[in-house]
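Trainee: Turn this into a model:
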Amino acid sequence: MAPAATTLASTPLAAALLLGAATLLPQAALAAESATIVEILDGNELYINQKQARVKARASAPEVVSTRDSRGQLAFSSGAGGRLNRFSMLRLGSSCFLVEKGQILVSGKQNGCTRSARLSVRGTNYVVDVQEDGTSEISVLEGSVEVEPLRDGEPTGAPATTVEAGNRLRLSPVGVVLSLLRLSASDYTSLLNGPLFSGFRTQLPGFRSLESYIRTSVPGVTLPVTPRPPAGPALPSIPRFGLF
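Mentor: Residues are numbered from 1 along each chain as shown. Sure, this is the predicted structure:
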């Protein structure tokens, strides 16, 4: 497999990621990413390039989508969905988004990057968590993710790791694999009852696949029920007039 990692940005690292991808990926794969905000929870602290954004606002590469003390759901141009936790930041790119910090849940066919890894998927549900020290964790809830280690935007030479459903890979800030552990039923319960699922009303594109996997492979774990959108105001009744 030819290594590739890409995102658009003004930093030298991001520029290197983009240049490397341009030489390794077919032109069709380099269409700029975009994402539309479909839901904001816990206030209105969601931003596009540091400007407060609203539902239906659209961000395109190389813009940055970030949250403070709010959460949000995005619809990517790929058809996938993403949910940002509080105090998270991602930069849209040409073939993957770059998670600068925080936590995002991805549902559907959407590649992602961190500064120490490129994630390639074919449709799945996974969580990326980038910690303050640059350590990153990739938790695959359903499907599989191929993780290519990077150091300063360049392949480390280490082989890619395929992380199957029900596993969590931990990487150092320079792309060294620190651990690959099995997710327990309590790990699933914690994630499913946590901020990436709780309170959202917009269904995830890959929710049914996630539901099917959990029912068959993680007994005892219950998926949260997505609340229905609030009903609109009732229409006034129309009086009926008899003929006599």
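Trainee: partner residues bridging the residue most central in space within the chain?
Mentor: The residue lying closest to the centre of the chain (C-alpha atoms, centre = their mean) is Val106, at 3.0 Å. On the basis of DSSP bridges, Val106 is bridged to Gly82, Tyr126.
Trainee: quick one: it from Ser179, how far?
Mentor: Distance, Val106 to Ser179, using C-beta to C-beta, to the nearest Å: 21 Å. (Each C-beta comes from the backbone N, C-alpha and C, glycine too.)
Trainee: And Gly134, by the same measure?
Mentor: 16 Å.
Trainee: so who does Thr78 touch?
Mentor: For residue 78 the amino acid is Ser, not Thr. Glu33, Gly108, Lys109, Gln110 (C-beta atoms under 8 Å, 6 or more residues apart in numbering).
Trainee: per-residue confidence at it?
Mentor: Per-residue pLDDT puts Ser78 at 93.
Trainee: try Phe207
Mentor: So Phe207 comes in at 94 (pLDDT).
Trainee: re earlier: of Gly134 and Ser179, give the one with the bigger neighbour count.
Mentor: Gly134 (14 against 9; other C-beta atoms under 10 Å).
Trainee: Phi first, then psi, for the more buried one.
Mentor: phi 90, psi -10 (degrees, to the nearest 10).
Trainee: Pretty sure it sits against Ser116.
Mentor: Yes: Gly134 is within contact range of Ser116, at 6.9 Å (criterion: C-beta atoms under 8 Å).
Trainee: Common neighbours of these two, please.
Mentor: What both Gly134 and Ser116 touch, as defined by C-beta under 8 Å, 6+ apart, is the set Ser172, Pro173.
Trainee: quick one: Ser209 is in a strand?
Mentor: No: under DSSP: H, G, I helix; E, B strand; the rest coil, Ser209 sits outside any strand and is assigned helix.
Trainee: Quick check, pLDDT for the residue nearest to the centre of the chain.
Mentor: 98.
Trainee: who's in contact with it?
Mentor: Contacts of Val106 (C-beta under 8 Å, 6+ apart): Ala80, Gly81, Gly82, Gly112, Val121, Thr124, Asn125, Tyr126, Val127, Val128.
Trainee: Equivalent analysis for Gly79, please.
Mentor: Gly108, Lys109, Pro205.
Trainee: Quick one: residues contacting the second one.
Mentor: Lys109 sits next to Ser78, Gly79, Ala80, Val121, Arg122, Gly123, Thr124 when contact means C-beta under 8 Å, 6+ apart.
Trainee: can you rerun that using 6 Å?
Mentor: Ser78, Ala80, Gly123 (C-beta atoms under 6 Å, 6 or more residues apart in numbering).
Trainee: one step back: turn the contacts of Val106 into a markdown table, columns for distance to Ala57.
Mentor: Converted to a markdown table, the contacts of Val106 look like this (distance: C-beta to C-beta, whole Å):
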| residue | distance to Ala57 |
| --- | --- |
| Ala80 | 18 |
| Gly81 | 16 |
| Gly82 | 15 |
| Gly112 | 21 |
| Val121 | 26 |
| Thr124 | 27 |
| Asn125 | 25 |
| Tyr126 | 25 |
| Val127 | 24 |
| Val128 | 22 |
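Trainee: Is there a quick PyMOL command that grabs whichever of those are buried?
Mentor: To isolate the buried members of the contacts of Val106 in PyMOL, using 16 or more other C-beta atoms under 10 Å:
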select buried, resi 80+81+82+112+121+124+125+126+127+128
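Trainee: Over to Ser78. Which of the three states is it?
Mentor: Applying three-state DSSP: Ser78 is coil.
Trainee: let me fix that: Glu100
Mentor: strand.
Trainee: Pull the contacting residues for it.
Mentor: Counted by C-beta under 6 Å, 6+ apart, Glu100 has contacts Met89.
Trainee: isn't Arg107 right up against Gly206?
Mentor: Careful, residue 107 is Ser; it's not Arg. Yes: Ser107 lies in contact with Gly206 (C-beta atoms under 6 Å); the separation is 4.1 Å.
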